[in-house]
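> Provided below are the primary sequence and the corresponding predicted coordinates.
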Amino acid sequence: DGTTLYAADVGAAAAAAADGAGGEGGGDGASPVSRVSRLAVPAGSVRALGAAAEAMVATQAKAALARAKDQLVGAAPTGPTGEGGLPEEEAALRAVVSDAEALLAPLLMPLMPLLSAAPPLGAASLTVWLVLPPALAALPLELLPALRMPHVTSVGRDLSVSVLAKRLGHADGATCKKGSVGYAVDPRDEVTLPADAVEEKKTGSKPGSAKTKKGQAAAAEAEAPAGAPPSQTLGTAFERDILSGARVGYAKDWPKALLGSAAVPSAAQWQRTLRGAGAFLFLGPGPLLAQLKPEHIASLPLDGVACALLLDRLEADAASRRLAKEDNAKLPRHLALEEAHTAAALLSLAGVRSVVINQWSSTPAVGRELLTSVLAQLGAGESLGDALHKTTREKIALDKDGQEVAPSAGTTPRLGSGSQKPTPRGSQKPTPRSGTPPRTGTAGSKGTASPKGSKPGTAKGRKAAKATKGMNELDNPRSQQSTLGNAIVYGLPGFRFA
């Protein structure tokens, strides 16, 4: 009739906290002491919170797809707003986090001496693991204020305490050589994003046109409305950023793997790439397991894969239409296998030590920036946890007093989130996949209609879009939690390159 949750702090820090509070267990810090709290959560509360999380994920997907379209056509950033003047998807996310905080407050109360803004006895840092049942796995618990204190430097997840213990027992193996990375990028060559202004000026041609390598974005350029900025495919950007060394210098020696711009990979090619990789990364649209069927992973021995960096669920118009059509032919139990928690479980049980995966949809621009930033920091010797912390969590951590600085309305331009009418939270029409927005009649249109009064190519449209030019979407404070709180870690955050 419900779910029983437990929370505990274990180790020398817990012993020191217990001693400082006059608790039992000794204060020498030598023997582990556990402080355990228990909370029985009614089934109705779990279902209501899960439904709110599903509605939030659908809102994120709709907003990410609209942002991606707006960026491609150079439309002025617009879109529905929620509470506090925040973008609708950001307001929905914060509402879910607030509801989860209210539900779990009694569970975390005994642990607050360690999670408070002033850690006991000057503790420098804390690592927190969340072991969640599937019913709660969709909740963005990493964004709880208690877990965003400056000294909480790493928050990870795992499938069970026993799986976590096994990973910790093999922590020495959480490394691989820099040159042993396998990758799969946009397997069907469906994702386009705005071209880099520097590259266009340097070459004198639009990236993706007939003058550039293989003319990968020629079709996208032909569909773009007049006056739209030049675009490039995700594969083109990956080759330049990573494989050619423009932003990540050590990837030039990576073995050739799976680029959708070359050919659509077969299941056998996917399997060979996974088995031969010391670390594996995926950057592309839809869930990973919508590209590679679960049965093609379940039988693989992946003990040699130290880390899987899965920046999936990137929204693109062509991919979203294809995925929606495929979803209509799938049974609900098959769709459930494509969720982030299930994908991480499948890879973990196959032997992967650390899995980074997106919880909801994102734009190609965000996926690209996050990937290059994390890879650059891993190449500099940082651990996976530290790289993610510096790229994402550090920017949304609360201040030293445990307070969040609210963004000022209208001071920072927002990278467009579309022109849909506001949709009440939880009122989206159900779709086969909870993270996929409803598809409308714009599927076959050329480009995307821009908001009224800000058509690309016009003086007013150029002025409205100028504020966003060159802006890194990861640094946008008006949607920080949506972009920076997306990627989560299953397993060990200590992975690094040997």
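Yes, it's here.

> which residues touch the residue nearest to residue 300 when sequence neighbours are not counted?
Residue nearest to residue 300 in three dimensions, not counting chain neighbours: residue 350, with 5.6 Å by Cβ to Cβ, 6 or more residues apart in numbering. Yep, even glycine has a C-beta here, placed from its N, CA and C like the rest. The contact partners of residue 350, taken as Cβ atoms under 8 Å, 6 or more residues apart in numbering, are 297-298, 300-302.

> dump the residues you listed to CSV, plus neighbour count and secondary structure.
What follows is those, written out as CSV (neighbours: other Cβ atoms under 10 Å; DSSP: H, G, I helix; E, B strand; the rest coil):
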residue, neighbour count, secondary structure
297, 21, helix
298, 12, helix
300, 17, coil
301, 10, coil
302, 21, coil
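
> would you mind measuring from residue 154 to residue 130?
11 Å (Cβ to Cβ, to the nearest Å).

> ok, these two, which is more surrounded?
The neighbour comparison of residue 154 against residue 130 (other Cβ atoms under 10 Å) goes to residue 154, with 21 against 18.

> where does the more buried one fall, secondary structure wise?
For residue 154, the element it lies in under DSSP states H and E is strand 152-158.

> for that strand, packing partners?
Secondary-structure packing of strand 152-158 (3 or more Cβ pairs under 8 Å, 6 or more residues apart in numbering; DSSP states H and E): strand 126-131, helix 384-388, strand 487-491.

> closest one to residue 270 among the ones you listed?
Evaluated over these, closeness to residue 270 peaks at strand 487-491, with 20.1 Å, by Cβ to Cβ.

> ok, then the element right after that closest one?
strand 496-497.

> report all helices and strands that that next one contacts.
strand 175-176, helix 364-379.

> got phi/psi on the closest residue to residue 260 other than its chain neighbours?
The spatial neighbour of residue 260 that comes closest, neighbours along the chain excluded (Cβ to Cβ, 6+ apart), is residue 189 at 3.9 Å. For residue 189, the backbone dihedrals are phi 50, psi 50 (criterion: degrees, to the nearest 10).

> any idea how far residue 142 is from residue 189?
For residue 189 relative to residue 142 (Cβ to Cβ), the value is 32 Å.

> for residue 107, same thing?
16 Å.

> comparing the two, which shows the higher neighbour count?
Neighbour tally, residue 107 and residue 142, criterion other Cβ under 10 Å: the higher count belongs to residue 142, 24 against 16.

> am I right that the more buried one falls within a strand?
No - using DSSP: H, G, I helix; E, B strand; the rest coil, the assignment for residue 142 is helix, not a strand.

> begin at 797 from here
Noted, 797 is the first residue going forward, which turns the last one into residue 938.

> tilt between the strand holding residue 950 and strand 922-927?
Orientation note: strand 948-954 sits at an angle of 20 degrees relative to strand 922-927 (axes from the mean of the first three to the mean of the last three Cα atoms, to 10 degrees).

> need the next SSE after strand 948-954, C-terminal direction.
Toward the C-terminus from strand 948-954 - assigned by DSSP H and E - lies helix 957-965.

> tell me the angle that following helix makes with strand 948-954.
120 degrees.

> still on that earlier bit, nearest to residue 1033 among the contacts of residue 1146?
residue 1093 (26.7 Å).

> report how many residues lie close to the closest residue to that closest one other than its chain neighbours.
Spatial nearest neighbour of residue 1093, excluding adjacent residues (Cβ to Cβ, 6+ apart): residue 1142 at 5.7 Å. Counted with other Cβ under 10 Å, the neighbours of residue 1142 add up to 20.

> show me where the stretch 1047-1196 of the chain dips below the pLDDT cut-off.
Residues of the stretch 1047-1196 of the chain that meet the criterion pLDDT under 70 lie in 1194-1196.

> what are the boundaries of the strands in it?
Using DSSP state E, counting those that start in this stretch, the strands of the stretch 1047-1196 of the chain run over residues 1054-1055, 1075-1081, 1103-1110, 1150-1154.

> what does the stretch 797-946 of the chain give?
For the stretch 797-946 of the chain, the strands defined by DSSP E, counting those that start in this stretch cover 798-805, 831-838, 922-927.

> of all those strands, which lies closest to residue 868?
strand 922-927 (36.2 Å).

> tell me the helices and strands packed up against that closest one.
With contacts taken as 3+ Cβ pairs under 8 Å, 6+ apart, strand 922-927 sits against strand 948-954, helix 957-965.

> any idea how far residue 1182 is from residue 977?
Relative to residue 977, and taking Cβ to Cβ, residue 1182 is found at 18 Å.

> more neighbours: which of those two?
residue 977 (24 against 20).

> surely the more buried one touches residue 1047?
Yes - using Cβ atoms under 8 Å, residue 977 is in contact with residue 1047, at 7.1 Å.

> all helices for the stretch 947-1096 of the chain, in order.
With helices called from DSSP state H, counting those that start in this stretch, the stretch 947-1096 of the chain shows them at 957-965, 993-999, 1014-1019, 1030-1034, 1063-1071, 1084-1087, 1091-1094.

> would a markdown table of these with distance to residue 869 be doable?
Formatted as a markdown table, the helices of the stretch 947-1096 of the chain follow (distance: least, Cβ to Cβ, whole Å):
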| stretch | distance to residue 869 |
| --- | --- |
| helix 957-965 | 45 |
| helix 993-999 | 16 |
| helix 1014-1019 | 10 |
| helix 1030-1034 | 17 |
| helix 1063-1071 | 33 |
| helix 1084-1087 | 26 |
| helix 1091-1094 | 37 |
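
> return the most buried member of those.
Mean neighbour counts were compared across the helices of the stretch 947-1096 of the chain using mean count of other Cβ atoms under 10 Å; the top stretch is helix 1030-1034, at a mean of 27.

> mean confidence score for that one?
Per-region confidence: helix 1030-1034 scores 92 on mean pLDDT.

> show me what contacts residue 1099?
By Cβ under 8 Å, 6+ apart, the contact set of residue 1099 is residue 1147.

> ok so, going back, tell me which of the helices and strands packed on strand 1292-1293 sits most buried.
Counting by mean count of other Cβ under 10 Å, helix 1160-1175 has the highest mean neighbour count of those, with a mean of 23.

> quick one: contacts of that helix?
864, 867, 974, 987-990, 1030, 1033-1034, 1037-1038, 1043-1047, 1077, 1079, 1105, 1107, 1110-1112, 1180, 1182-1184, 1186-1188, 1211, 1268-1270, 1279, 1282-1283, 1292-1293.

> follow-up on the earlier one: so who does the residue nearest to residue 1056 touch?
The neighbourhood of residue 985, defined by Cβ under 8 Å, 6+ apart, consists of 1012, 1029, 1031, 1056-1057, 1060.

> from those, pick the one nearest residue 801.
Proximity of these to residue 801 was ranked by Cβ to Cβ; the top entry is residue 1056 with 41.5 Å.

> follow-up on the earlier one: out of the strands of the stretch 797-946 of the chain, the one nearest residue 1064 is which?
strand 922-927 (34.9 Å).

> tell me the strands beside the closest one, with direction?
strand 948-954 (parallel) (DSSP bridges).

> by how many degrees do the strand it pairs with and strand 1150-1154 diverge?
If you take the same axes, to 10 degrees, strand 948-954 sits at 90 degrees to strand 1150-1154.

> C-alpha coordinates for strand 948-954, PDB please?
Extracted in PDB, the C-alpha atoms of strand 948-954 (Å, rounded to 0.1, in the frame of the first residue of the first chain):
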ATOM      1  CA  VAL A 948      27.900  18.200  -1.600                       C
ATOM      2  CA  THR A 949      30.300  17.800  -4.600                       C
ATOM      3  CA  SER A 950      28.800  14.500  -6.000                       C
ATOM      4  CA  VAL A 951      25.400  13.000  -6.100                       C
ATOM      5  CA  GLY A 952      25.100   9.600  -7.800                       C
ATOM      6  CA  ARG A 953      22.500   6.900  -8.100                       C
ATOM      7  CA  ASP A 954      22.500   3.200  -8.000                       C
END
